[in-house]
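A.B. asks: got a predicted structure plus its sequence, pasted below:
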Amino acid sequence: MQTQWPLQDAKNQFSKVVDSALQGTPQVVTRRGVPVVVVLAAEQYDLLTQKEQAENGFARLLLSMPTEAEDKGENCGQLDLALREVEF
């Protein structure tokens, strides 16, 4: 369960905020009732950023593929293979 802390309370009880985050519960800090930051354990942060980097790497790979306009007149390295007869 997430815990919300008004900014002033989070400043006054920062040790509790950190201890709760280290136990696996992200801590939301609010300013004038609006969530502005989340305190979470470094291990959780690392997992989130690794997942994001992996997803961005896949997206970058897809975006690097040649478009139809770039490929016009070329076969993208595909081999011209003859089909063979198959009996069923």
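C.D. replies: Looks like it arrived, so ask away.

A.B. asks: chain center to the helix or strand hosting S15, what's the gap?
C.D. replies: Element membership for S15 (DSSP states H and E) is helix 14-22. Centroid separation for helix 14-22 versus its chain: 24 Å, with Cα atoms, centre = their mean, to the nearest Å.

A.B. asks: ok, residues contacting it?
C.D. replies: Applying Cβ atoms under 8 Å, 6 or more residues apart in numbering, the contact partners of helix 14-22 are 3, 5, 10, 27, 29, 39-41. Placement of C-beta: from N, CA and C, glycine included.

A.B. asks: next one: stretch 32-41
C.D. replies: Residues contacting stretch 32-41 (Cβ under 8 Å, 6+ apart): 4, 6-7, 10, 17-18, 21-22, 24, 26-30.

A.B. asks: would you mark the buried spots in it?
C.D. replies: Going by neighbour count (16 or more other Cβ atoms under 10 Å), the buried part of stretch 32-41 is 39-41.

A.B. asks: brilliant, that's me finished.
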